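Engineer: Sharing a sequence plus its predicted fold:
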Amino acid sequence: MAKKQKKATSERAPTKHQLSKWQRQMKIRRIVIIAAVVFLVGISSWVGYGYYKDYQARGAAWREVMIGVNGINFTMEYLVKTLDAVTEGINSTILSSYGDYFTNMVADDIINAELLRQGAQSLNITVTTAEVDAKLKELGYDEALRDIIRASLLQDKLKKQYFGPQLNNTLNNTMEQARVQVMLVESQEVATGLMAEIKAGGNFTALAQEFSCNSTIEGDLGWLPEELMPNGLIADAAFNLTSGNISQPIYDKTAIKDVGYWLIKVTDKQAGAINASAMLLGSEAEAEWVRAQLATGGNFSALAQNYSQHESKTKGGKLGWLKVGNMSSTAFDAVAFNITLNTASEPVKDTSVQTTGGYWLVEVIDRGDHKLSDSAMQQLIDKHFNDWRKEWSDKSTIKTYLAADKIRWAINHVLAGNVTP
């Protein structure tokens, strides 16, 4: 039996109403898709802009100029990298506690290195990249110290290739010099007594060893030209006195002595502590004079303000409550913690402190044209180099922007090991 044929059916064309409905649906779908895309793009842009602003803000701190030398700028990033290299191996507690000191020290190094580079360039003195690379490798230093190493090499070249030859050509290795021996003593009374002893046959060198108050400038200084004399006062005596003579005592208010004399008064004691006042005088003679004023009714506070060389003078000599060791002077403690209350002490000699003002004695052994020693020549080269460097620095424009918050920011990044943006 033949299968029954299924009646064919034909598809009907959509009506205008259906077409219109479909078109509206497609339009709405496109609008929704476009809106979604726009929304997603907006969200992405907003998030991206936030990240960008964040990146820019972080980067801005690193790019901020901290130092300027004649228009050449050094950023926070440069400072932090140099600070990190210079302080490598320093205990983090010390670095954190003395952050100001280390940061300012590194800033000075950066300034001096750039000044030297510019100054040397003006004299046509340079060092090559290869020379710097070799020195960095030799010392095992970080690449961040490249400019500082370059400055060190430039300094050596300037002395050897510029200032040394310049001096040799000018002086022909010979110039007028004087051979003197000197000593600085604390008072005119001591100086006068020593002069009398020397004239009676006393040995200047031996007396200088006993009475000189400045061990860095005493005894026989050897042959020196005028500009290498320790100061102008000694130079004047050396080049104006007749050979074999000794100067009269020459007062020098700026001379630094390794000695001082305390006058101490304690007003109260309790439990191993004292409430003290003190003044530090430059000589025993001055201390005796001040003590005499106290004995005749002088006011301790007023006299301390006028004559003391200790920082407490602005408070009338008041030191407040002290325990043994607070003054870092065994000479002070030996008297202060055993003195009668409300009585000024005898002058207490202390060689652990420094005071200013003293009297020079200068003996001219000989004077005349003399060949410069190797040591004197090197000192002259160093002096001319330092004078040139100071002159260059003085006429340069140097700017620093190391406010306290910038210093702490730099130190914190070094401590955290985060030295790049």
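Structural biologist: On my side now, so go ahead.
Engineer: switch to C-alpha atoms for all contacts and neighbour counts from now on
Structural biologist: Fine.
Engineer: So which residues of the stretch 1-150 of the chain form strands?
Structural biologist: For the stretch 1-150 of the chain, the strands defined by DSSP state E, counting those that start in this stretch cover 65-69, 72-75.
Engineer: Make TSV from those strands and add mean neighbour count to it.
Structural biologist: As requested, these are exported to TSV (neighbours: other Cα atoms under 10 Å):
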stretch	mean neighbour count
strand 65-69	20
strand 72-75	16
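Engineer: among the ones you listed, which is nearest Glu189?
Structural biologist: Nearest of these to Glu189, taken as Cα to Cα: strand 65-69 at 51.2 Å.
Engineer: neighbouring contacts of the closest one?
Structural biologist: Identification of contacts with strand 65-69 by Cα atoms under 8 Å, 6 or more residues apart in numbering yields 73-76, 79, 107, 111, 114-115, 396-402.
Engineer: ditto for stretch 256-268
Structural biologist: Outside stretch 256-268, the residues that reach it (Cα under 8 Å, 6+ apart) are 184, 186, 213-214, 274-284, 287, 291, 332, 336, 339-358.
Engineer: Sitting in helices, which of the contacts of strand 65-69 do you find?
Structural biologist: Met76, Leu79, Ala107, Ile111, Glu114, Leu115 (DSSP state H).
Engineer: Now the buried members of those.
Structural biologist: Buried by 16 or more other Cα atoms under 10 Å: Met76, Leu79, Ala107, Ile111, Glu114, Leu115, out of the ones in helices among the contacts of strand 65-69.
Engineer: mind listing what's buried in the strand or helix carrying Lys390?
Structural biologist: Assessed by DSSP states H and E, Lys390 sits inside helix 374-394. For helix 374-394, the neighbour count (16+ other Cα under 10 Å) marks Ala376, Met377, Leu380, Ile381, His384, Phe385, Arg389, Ser393 as buried.
Engineer: Val190: which of those is nearest?
Structural biologist: Using Cα to Cα, the buried residues of helix 374-394 come closest to Val190 at Ala376, 31.7 Å.
Engineer: And the ones in helices among the contacts of strand 65-69, which is closest to Ala302?
Structural biologist: Among the ones in helices among the contacts of strand 65-69, and counting by Cα to Cα, the member closest to Ala302 is Ala107, at 42.3 Å.
Engineer: ok, the closest one - contacts?
Structural biologist: Ile67, Leu79.
Engineer: before we move on, what about Ile125?
Structural biologist: With Cα under 8 Å, 6+ apart, Ile125 has these contacts: Leu154, Lys157, Leu158.
Engineer: Can you tell me how far the last one is from Val362?
Structural biologist: Applying Cα to Cα, to the nearest Å, the value for Leu158 to Val362 is 35 Å.
Engineer: next one: Lys313
Structural biologist: Distance from Lys313 to Val362, by Cα to Cα: 33 Å.
Engineer: Which of those two has more residues huddled nearby?
Structural biologist: Val362 (27 against 22; other Cα atoms under 10 Å).
Engineer: Just to check, that one is in contact with Val182?
Structural biologist: Yes - Val362 is within contact range of Val182, at 4.6 Å (criterion: Cα atoms under 8 Å).
Engineer: what secondary structure does Pro165 sit in?
Structural biologist: helix (DSSP: H, G, I helix; E, B strand; the rest coil).
Engineer: what number of residues lie near it?
Structural biologist: 14.
Engineer: Contact partners for it?
Structural biologist: Counting by Cα under 8 Å, 6+ apart, Pro165 has no contacts.
Engineer: Could I get the full set of strands for the stretch 151-300 of the chain?
Structural biologist: Under DSSP E, counting those that start in this stretch, the stretch 151-300 of the chain gives strands at 174-185, 219-224, 250-257, 260-270, 273-281.
Engineer: With distance to Ala302 and mean pLDDT as extra columns, can I get the strands of the stretch 1-150 of the chain in a markdown table?
Structural biologist: Putting the strands of the stretch 1-150 of the chain into a markdown table (distance: least, Cα to Cα, whole Å; pLDDT from 0 to 100) gives the following:
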| stretch | distance to Ala302 | mean pLDDT |
| --- | --- | --- |
| strand 65-69 | 45 | 97 |
| strand 72-75 | 50 | 97 |
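Engineer: could you dump the top strand by length along the chain to CSV, C-alpha only?
Structural biologist: Of all the segments of type strand in the chain, defined by DSSP state E, the longest one is strand 355-371. Taking Å, rounded to 0.1, in the frame of the first residue of the first chain, the C-alpha atoms of strand 355-371 are listed here in CSV:
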residue,chain,number,x,y,z
THR,A,355,88.4,77.6,74.4
THR,A,356,89.3,80.5,72.2
GLY,A,357,91.8,83.3,72.6
GLY,A,358,95.5,82.9,73.3
TYR,A,359,99.0,84.4,72.8
TRP,A,360,101.5,83.2,70.2
LEU,A,361,105.2,83.2,70.7
VAL,A,362,107.2,83.0,67.5
GLU,A,363,110.9,82.5,67.1
VAL,A,364,112.5,83.1,63.7
ILE,A,365,115.4,80.6,63.2
ASP,A,366,116.3,81.7,59.7
ARG,A,367,114.8,83.3,56.6
GLY,A,368,115.7,83.6,52.9
ASP,A,369,115.3,82.1,49.4
HIS,A,370,115.1,78.4,49.8
LYS,A,371,114.2,75.4,47.8
